[in-house]
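J.: Quick one, structure for this:
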Amino acid sequence: MTDENLNIRLRPKQKFNFFQDQRVRSIFYQLITAGIVGWFIWYLFTNTSQNLDARGMKSGFGFLSVQAGFDTDFKLIEYVAGVGTYGDIFLLGILNTLYISALAIIFSTIFGLIVGILRLSDNWLISKVSLAFVEIFRNTPLLIQIIFWYIGVFSILPQVRNSMDLSVGAELILLNNRGLYMPWPIPGEQFWLSGVAFMVALILIFVLRRWAHKRRDKTGQKFSLFLPSAALMLILPASVYLFTGQPLGWDIPVLEGFNFVGGAALPPAFLSLLVALTIYHSAHFAETVRAGILSVSKGQHDAASAIGLRPGRVMSLVIIPQAMPAIVPPMISQWMNAVKNSSLAIAIGYPDLVAVFMQTSLNQIGHAIEIVGMTMAFYMFVSLTISGFLNIYNKHVQRVER
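T.: This is a model prediction of the structure:
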């Protein structure tokens, strides 16, 4: 008998212990957790159903097909009071919320990037002005800023007949205390061909950039992309537009009576909310950009300058790409907060989802649980979508650890 067989025979048999086995214990605790969660959901559902029956309140989503008897002053879809349903109101509120949120995200990201870079400027005045901007707007409640822009700025603009002409005498873009008025395009039947030409131009620019980068990597020779890209972007769509007979008209706002008729109009509530969201979130994003830039080693800047890159190229080609891993995670939160903070529009009457669906619709039709649940589900879906896409992008920009 070998020593190994002897050790096996002499080794005491291990007794099975239910609470000490890691695999069994893990399954057991998961079942317990799932049971508690399931019981809580069942209790919440049955208790709510009993309370609704006791009060004679109806439940379900049939109310979405009921005609709604109110209108809004701003809508992106065709809707008529008394004809449209509460389902249409839900869609209207979603579109208004997504519209203001998307614009706020775009503008705050661009403006925040600029302010964050200016915070690190060697110019004392520019740096201090940027610092003051960040500290003032970042440390002031957003709701107060929204009300300030609505009451203190846009509500005291000149009246309609004394509108401010932002188009330098052309009377095309007009601003007054009733909102911003501007021309609205009316595409013709063949205008879609110009859109196709624009998309083709973008694809060609992308292919040209890939070719230029490969050429630079192989030969070290730099190919200027600005002029060819600009030519493709302008000439190709413009040629198709002219060849198809300029199939695009404009609806110009015209003063009739006490207000402008025609064109597109943005009410003061929309402008106030957009400005407040942009400034507030750009102040937060600027600090994120500044922290991300400072996380890049100073040696990277010195090395890029040593090979002859100009300061602007150093920032765009060397510093910002390396700062993105530190910038993207906080940026995810800022984008999600911009969508959720748009619900503060209820304070100034902008018809977002909360105002038209969770307030007016709820007061008229009831069904509080369904309406509140649908509103919460919408904001959760948008936030998770933003987080998912930016997390995918974040994986591509993360540094490889050594």
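
J.: residues in contact with the closest residue to Gly84 other than its chain neighbours?
T.: Excluding the flanking residues, the one nearest Gly84 by Cβ to Cβ, 6 or more residues apart in numbering is Ala68, at 5.7 Å. For every residue, glycine as well, the C-beta is placed using N, CA and C. Applying Cβ atoms under 8 Å, 6 or more residues apart in numbering to Ala68 gives the contacts Ala81, Gly82, Gly84, Thr85, Tyr86, Asp88, Ile89, Ser361, Gln364.

J.: Just want the phi and psi numbers for Ala68.
T.: phi -100, psi 140 (degrees, to the nearest 10).

J.: How is this protein divided into domains?
T.: For the chain, the structural domains run 19-55, 86-133+274-397, 185-248, going by automatic domain parsing.

J.: Just name the most buried of those.
T.: Of all the domains of the chain, domain 86-133+274-397 carries the top mean neighbour count, a mean of 18, counting by mean count of other Cβ atoms under 10 Å.

J.: Run the chain-centre distance for that domain.
T.: 6 Å (Cα atoms, centre = their mean, to the nearest Å).

J.: Could you do stretch 248-261 as well?
T.: 31 Å.

J.: what about it, average pLDDT?
T.: Across stretch 248-261, the average pLDDT comes to 84.

J.: which residues sit against that stretch?
T.: Residues contacting stretch 248-261 (Cβ under 8 Å, 6+ apart): 160-161, 163, 172, 174, 178, 181-188, 191, 194, 241, 262-265.

J.: And stretch 287-306, by the same measure?
T.: Contacts of stretch 287-306 (Cβ under 8 Å, 6+ apart): 112-113, 115-117, 119-120, 134, 138, 311, 313-314, 317-320, 322-327, 330-331, 334.

J.: Give me the below-cutoff pLDDT ranges for the stretch 301-402 of the chain.
T.: Applying pLDDT under 70 to the stretch 301-402 of the chain flags residues 397-402.

J.: Repeat the analysis, applying 90 as the threshold.
T.: Applying pLDDT under 90 to the stretch 301-402 of the chain picks out residues 301-334, 345-347, 349, 355, 357-374, 386-402.

J.: coming back round to it: from the contacts of Ala68, which land in helices?
T.: Judged by DSSP state H, helices contain the following of these: Tyr86, Asp88, Ile89, Gln364.

J.: Of all pairs in these, which one is the farthest apart?
T.: Asp88 and Gln364 (13.9 Å; Cβ to Cβ).

J.: Which stretches in the stretch 1-150 of the chain count as strands?
T.: Ranges of strands in the stretch 1-150 of the chain, per DSSP state E, counting those that start in this stretch: none exist.

J.: those helices in it, which residues are they?
T.: 3-10, 22-54, 86-118, 124-138, 142-152 (DSSP state H, counting those that start in this stretch).

J.: closest to Asn394 out of those helices?
T.: helix 86-118 (15.0 Å).

J.: now that closest one: mean pLDDT?
T.: 92.

J.: Then stretch 144-164?
T.: On average, stretch 144-164 scores 91.

J.: Now it: buried residues?
T.: Of the residues in stretch 144-164, Gln145, Ile146, Ile147, Trp149, Tyr150, Phe154, Leu157, Val160, Ser163 count as buried by neighbour count, 16 or more other Cβ atoms under 10 Å.

J.: my guess is Val339 meets Val382, correct?
T.: Yes - judged on Cβ atoms under 8 Å, Val339 makes contact with Val382 at a distance of 5.2 Å.

J.: got any residues that touch both of the two?
T.: Ser101.

J.: quick revisit: adding distance to Val254, write the domains of the chain out as a markdown table.
T.: Below are the domains of the chain laid out as a markdown table (distance: least, Cβ to Cβ, whole Å):
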| stretch | distance to Val254 |
| --- | --- |
| domain 19-55 | 53 |
| domain 86-133+274-397 | 25 |
| domain 185-248 | 15 |
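
J.: Let's see stretch 106-124 as PDB, backbone CA atoms only.
T.: This file holds the C-alpha atoms of stretch 106-124, laid out as PDB (Å, rounded to 0.1, in the frame of the first residue of the first chain):
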ATOM      1  CA  ILE A 106     -26.400  68.900 -26.300                       C
ATOM      2  CA  PHE A 107     -26.000  72.500 -25.300                       C
ATOM      3  CA  SER A 108     -24.800  71.800 -21.700                       C
ATOM      4  CA  THR A 109     -22.200  69.300 -23.000                       C
ATOM      5  CA  ILE A 110     -20.800  71.700 -25.500                       C
ATOM      6  CA  PHE A 111     -20.900  74.700 -23.200                       C
ATOM      7  CA  GLY A 112     -19.500  72.700 -20.200                       C
ATOM      8  CA  LEU A 113     -16.600  71.400 -22.300                       C
ATOM      9  CA  ILE A 114     -15.700  75.000 -23.300                       C
ATOM     10  CA  VAL A 115     -16.000  76.400 -19.800                       C
ATOM     11  CA  GLY A 116     -14.100  73.400 -18.300                       C
ATOM     12  CA  ILE A 117     -11.100  74.100 -20.700                       C
ATOM     13  CA  LEU A 118     -11.300  77.900 -20.000                       C
ATOM     14  CA  ARG A 119     -11.000  77.100 -16.200                       C
ATOM     15  CA  LEU A 120      -7.500  76.000 -16.900                       C
ATOM     16  CA  SER A 121      -6.600  79.000 -19.100                       C
ATOM     17  CA  ASP A 122      -3.400  80.800 -18.400                       C
ATOM     18  CA  ASN A 123      -5.300  84.100 -18.800                       C
ATOM     19  CA  TRP A 124      -6.200  85.200 -15.300                       C
END
